[in-house]
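Asker: quick one, what's the 3D model for this:
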Amino acid sequence: MIDKEQIAANYRLIQDEICTSLELTDGMGRFEEEKWEREGGGGGRTRVIQNGNIFEKGGVNFSAVHGQLPDTVKKALKVEQDDFFATGISIVIHPNHPMVPIIHMNIRYFEMPSSFGTANEPVRWFGGGIDLTPHYVFEDDARYFHAYLKSVCDNFNHDFYHRFKLWADDYFFIKHRNETRGIGGIFYDRLIASNELSWGTIFEFSKALGRSFIPIYTELVNRNRNKPFNEEQQQWQYQRRSRYAEFNLVYDAGTKFGLETNGRIESILMSLPPTAKWLYNYRAKPESEEAKTLSLLRKGINWV
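Answerer: Below you'll find the predicted structure:
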């Protein structure tokens, strides 16, 4: 049986691998690390890259925290227990180039001592996902992204991609705008062992998803980083970033969990872009690339 220390150690290793690879991809930027401790128990390593060749702002954060759940979180999770342990990696990268997409990934594990059965049977689950938020949707890139995720999922369960893709479409939806945050990806939560799926398999899937980040994003960055762009396209990038900020502040469950469990504010809000704009009543020009992108920000598109 895998234990929480083993899971946390593997997540720390994946954090190291991703940071090293992102520095190589950027070519100039370097991550700054800040180790922190949570007052209620545990801590983490916040790593932020800023003002690089291509990465204007990004974070690759690891945490392993424990303690007492606030009543609001217990109610949201529909649990009665107080003690909890949570560990995971959270990544957001905001490039300085409007043709390079924003990317987000999270892999996580949550555990609570069980109030039922024996003390050796904790309530536990894995969650995570990866999604892409292009400022401009390039259909070849979208197909590549989803095909890669499907291949990762299919190595573990042929139902995963379809289930988790639909989940991502629903989760990364900005209801007050009636549009998706980007082109989706996969998202899952409370994934537990069953007769068909062991804890070991779920853990291997979590690690495989974490290690898919670098080949996926490196490919997308290198496809687009040398494309020319103009000031109008840069302004569109800032407009799209505002939608990203709206989702994270209004709907994102990880942001809410971090704030309600006395998490580290700088690490939680690392996901926000360095510059975003809210132009009043903005309308994309008909038949423009911006209008095309808006037409593709909807649920249910089959990219593979």
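Asker: go through stretch 218-233 and flag the buried ones.
Answerer: L220, V221, N224, R225, F229, Q233 (16 or more other C-beta atoms under 10 Å). In short, each C-beta sits where N, CA and C put it, glycine included.
Asker: what's the first-to-last distance across that stretch?
Answerer: End-to-end distance for stretch 218-233, by C-alpha to C-alpha, to the nearest Å: 22 Å.
Asker: ok, now stretch 244-257?
Answerer: End-to-end distance of stretch 244-257 (C-alpha to C-alpha): 18 Å.
Asker: report the buried residues of it.
Answerer: By 16+ other C-beta under 10 Å, the buried positions in stretch 244-257 come out as Y244, E246, F247, N248, Y251, D252, G254, T255, K256, F257.
Asker: let's have those residues in JSON lines, adding distance to P134.
Answerer: JSON lines is the format used below for these (distance: C-beta to C-beta, whole Å):
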{"residue": "Y244", "distance to P134": "11"}
{"residue": "E246", "distance to P134": "17"}
{"residue": "F247", "distance to P134": "15"}
{"residue": "N248", "distance to P134": "17"}
{"residue": "Y251", "distance to P134": "19"}
{"residue": "D252", "distance to P134": "19"}
{"residue": "G254", "distance to P134": "21"}
{"residue": "T255", "distance to P134": "22"}
{"residue": "K256", "distance to P134": "26"}
{"residue": "F257", "distance to P134": "27"}
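Asker: lowest-confidence one in these?
Answerer: When the buried residues of stretch 244-257 are compared by pLDDT, F257 scores lowest at 79.
Asker: mind listing what the residue nearest to that one when sequence neighbours are not counted touches?
Answerer: What sits nearest to F257 in space, not counting adjacent residues and going by C-beta to C-beta, 6 or more residues apart in numbering, is V73, at 6.6 Å. V73 sits next to F257, E260, T261 when contact means C-beta atoms under 8 Å, 6 or more residues apart in numbering.
Asker: try it again with 10 Å
Answerer: By C-beta atoms under 10 Å, 6 or more residues apart in numbering, the contact set of V73 is V79, F84, K256, F257, E260, T261.
Asker: against Q233, how distant is L296?
Answerer: Counting by C-beta to C-beta, to the nearest Å, the separation of L296 from Q233 is 17 Å.
Asker: any idea which helix or strand carries the residue nearest to K299 when sequence neighbours are not counted?
Answerer: Counting by C-beta to C-beta, 6+ apart, D169 is the residue found nearest to K299 once chain neighbours are left out, at 4.2 Å. D169 is part of helix 160-171, with elements assigned from DSSP states H and E.
Asker: next one: G40
Answerer: Counting by DSSP H and E, G40 is part of no helix or strand.
Asker: and what of the one 5 residues further on?
Answerer: Following DSSP H and E, the helix or strand that holds R45 is strand 42-50.
Asker: mind listing the strands for the stretch 151-300 of the chain?
Answerer: 173-174, 179-180, 185-191 (DSSP state E, counting those that start in this stretch).
Asker: give me the mean pLDDT for the first one.
Answerer: Right, the one you point to is strand 173-174. 97.
Asker: next one: the longest one
Answerer: Looking at strand 185-191 alone, the average pLDDT works out to 97.
Asker: pLDDT weak spots in this structure?
Answerer: Across the chain, the ranges flagged by pLDDT under 70 are 1, 76, 78, 114-121.
Asker: quick one: secondary structure of the residue nearest in space to the middle of it?
Answerer: Centroid-nearest residue in the chain: M105, 2.7 Å away (criterion: C-alpha atoms, centre = their mean). Under the three-state scheme (DSSP: H, G, I helix; E, B strand; the rest coil), M105 adopts strand.
Asker: any idea what it is bridged to?
Answerer: Beta-bridge pairing for M105 (DSSP bridges): I91, I130.
Asker: and the one helix or strand D141 maps to, which residues are buried?
Answerer: Assigned by DSSP H and E, D141 belongs to helix 139-154. Neighbour counts over helix 139-154 (16+ other C-beta under 10 Å) mark D141, A142, Y144, F145, H146, Y148, L149, K150, V152, C153 as buried.
Asker: report all helices and strands that that helix contacts.
Answerer: Here helix 139-154 touches strand 123-133, helix 160-171, strand 185-191, helix 199-224, going by 3 or more C-beta pairs under 10 Å, 6 or more residues apart in numbering; DSSP states H and E.
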